[in-house]
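# Based on what follows, work out the 3D shape:
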Amino acid sequence: MRKLLHVCGVLIALFACGASLAGVINEVPSCYKANKLDGQMAVPAKEIFVLIDQTTLFDERLQSSVLENTWGYLGLNSAYTIVSFSAFSQGRYTEVISAGAIEPVLAAKERDSISVRLLKTFDACMRGQEAWAKKRAVEAIKKTFASASPALAKSDILAALKDVAARVKASAARDKVLFVVSDMLENSTISSFYASSMKMRAVEKGEVILRQGDVADSLYIIIAGQGDDVHAAPGSQAGTEDLVMIGNAGNG
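Here you go, the predicted structure:
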């Protein structure tokens, strides 16, 4: 089956494959092993990778959104990896906080070949495994948010993405989600958002930010608030059909 890779987050990041994160194990106890059932762990149907920037403090609304999305994504035959990153200095490097996989249920043919008593025990274990794994993932995310610090001097986002890229690539899951939780403001030896060429600009609601066809002389990054794409119907007021981004309600 064709593998799908979805990349999403508070802000989206594109990455190239690089070095892997070594020493990561599945923290979720196996119900198959506990009940001495034959068969090995199947390839997860899907896996979520939550990459959290510890140089940024996120408000309760954003934290709750990350927790809810992760909890809702996980279920039977799925896996998760929670990763923190920050400055690549001051003792803060890319680190896997928690990783695990929730096993699939027994196939109908296999269920018919084991005793009712064992099947009852196995089914109870599977229900507990799913709840345990989801709780473990959520606790790891909360722990990572709690240890964030805006006092860190650097934010090496590109290096963190390179670190986690090989693990995402190596995952055998058919559906993969990379959830990057960051303000995406790179500040490292590679590049810095805070370089002298970078300028902050306040945008009022309704203000035109850019139009389709404009000469590309700047890169715009929305730090707070939001913008809307506007495409007027052909034949409307001259020039409005080219309007592609305007300021919207909210801070920014």
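
# who's in contact with stretch 123-131?
Applying CB atoms under 8 Å, 6 or more residues apart in numbering, the set of residues contacting stretch 123-131 from outside is 28-29, 31, 34-35, 74-76, 102-103, 105. Bear in mind the C-beta positions are built from the backbone N, C-alpha and C, glycine included.

# ok, the closest residue to Val181 other than its chain neighbours - contacts?
With sequence-adjacent residues excluded and distances taken as CB to CB, 6 or more residues apart in numbering, Val181 is closest to Ile52, at 4.6 Å. By CB under 8 Å, 6+ apart, Ile52 lies in contact with 66, 82-85, 141, 144-145, 148, 181-182.

# filter those to the buried ones?
Buried by 16 or more other CB atoms under 10 Å: 66, 82-85, 141, 144-145, 148, 181-182, out of the contacts of Ile52.

# quick one on the thing from earlier: closest to Arg111 out of the contacts of Ile52?
Ile82 (32.4 Å; CB to CB).

# Next, give phi and psi for the closest one.
Dihedral pair for Ile82: phi -100, psi 120, per degrees, to the nearest 10.

# Ok, Leu161 next?
Leu161 adopts backbone torsions of phi -60, psi -40, taken as degrees, to the nearest 10.

# My understanding was that it contacts Asp53; is that so?
No - Leu161 is beyond contact range of Asp53, at 10.8 Å (criterion: CB atoms under 8 Å).

# Need the per-residue pLDDT for Asn77.
On the pLDDT scale, Asn77 is placed at 94.

# measure it to Val181 for me?
Distance, Asn77 to Val181, using CB to CB, to the nearest Å: 25 Å.

# And Glu139, by the same measure?
Here Glu139 is placed at a distance of 16 Å from Val181 (CB to CB).

# what ranges do the strands span in the protein?
Listed in chain order, the strands found in the chain under DSSP state E are 4-9, 46-53, 78-85, 95-102, 175-181, 208-211, 227-228, 243-247.

# Now the weakest link among the ones you listed, please, by mean pLDDT.
In terms of mean pLDDT, the lowest-scoring of these is strand 4-9 (a mean of 38).

# Can you pull out the low-pLDDT segments for the stretch 1-150 of the chain?
1-24, 39-41, 87-92 (pLDDT under 70).

# Tell me where it has helices.
Ranges of helices within the stretch 1-150 of the chain are 31-34, 60-73, 108-111, 116-146, based on DSSP state H, counting those that start in this stretch.

# Pull the number of nearby residues for Arg117.
The number of residues packed near Arg117 is 8, by other CB atoms under 10 Å.

# quick thing: my sequence starts at 34, can you match it?
Taking 34 as the first residue, the last one we looked at is Arg150.

# residues contacting it?
Contacts of Arg150 by CB under 8 Å, 6+ apart: none found.

# how near is it to Lys69?
Arg150 is 13 Å from Lys69, where distance means CB to CB.

# next one: Lys153
Lys153 sits 15 Å away from Lys69, going by CB to CB.
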